[in-house]
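Trainee: Sequence and computational prediction follow.
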Amino acid sequence: MVVLSTTYFLAREESINDAYEIYKSRITRANQEEFISILFFSQEVSPSEEGTILEILLDQFKEENKGENIEGLLLFRVDCIANLMQINKEFHIDTPDLEKLASYLFMDEEYSVKDKYPSFVFSQKLRTLEHVD
């Protein structure tokens, strides 16, 4: 199953390079997973204007950072295309799903109390194309 995953995250302009390095390290970790193959990932961060996601992440930031200024926080996005390889069930190996991939694509560890870069991951299955002879 091939999926497109977009990671949206909050950051200030001056911390974009740091945020991207974190994203690259998480992509590298995902690609080491036996049944996940990263086919493509963004080579740079892009600004985003997804208003609803911006509101959600700003609310998260305010909750985790009581009293801190939200001025200068911007919404950015990075994308990846991954192949989640399906394994024959008779070997009793679970098939990775979108949640497993997404856990690598959040900008912070799963159980972080306070996210450095609050993030949101949206994944969708890409249509399978068949080869025609």
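Mentor: Perfect, I can see it now. Numbers count the residues shown, from 1 in each chain.
Trainee: Tell me the first helix or strand C-terminal of the helix or strand bottoming out on mean pLDDT in the chain.
Mentor: When the helices and strands of the chain are scored by mean pLDDT, DSSP states H and E, helix 98-105 comes last with a mean of 84. Using DSSP states H and E, the helix or strand that follows helix 98-105 in sequence is strand 119-125.
Trainee: what's next to that following strand, contact-wise?
Mentor: 1-10, 53, 56-57, 98, 101-102, 105-108 (CB atoms under 8 Å, 6 or more residues apart in numbering). For every residue, glycine as well, the C-beta is placed using N, CA and C.
Trainee: Likewise for stretch 3-18?
Mentor: By CB under 8 Å, 6+ apart, the residues outside stretch 3-18 that reach it are 19, 23, 45, 48, 50, 53-54, 57-58, 61, 72-82, 84, 98, 101-102, 105-107, 117-126.
Trainee: are any of the residues you listed buried, and which?
Mentor: 19, 23, 45, 48, 53-54, 57, 61, 73, 75-78, 80, 82, 84, 98, 101-102, 105-107, 117-123 (16 or more other CB atoms under 10 Å).
Trainee: who touches the nearest residue to Val121 once chain neighbours are set aside in this structure?
Mentor: Once flanking residues are discounted, Val121 sits nearest to Ala102: 4.3 Å by CB to CB, 6 or more residues apart in numbering. Neighbour list for Ala102: 5, 121, 123 [criterion: CB under 8 Å, 6+ apart].
Trainee: Check the gap between the residue most central in space within the chain and Ser25 for me.
Mentor: With distances taken as CA atoms, centre = their mean, the residue of the chain nearest its centroid is Leu105 (3.0 Å). Distance of Leu105 to Ser25, given as CB to CB, to the nearest Å: 12 Å.
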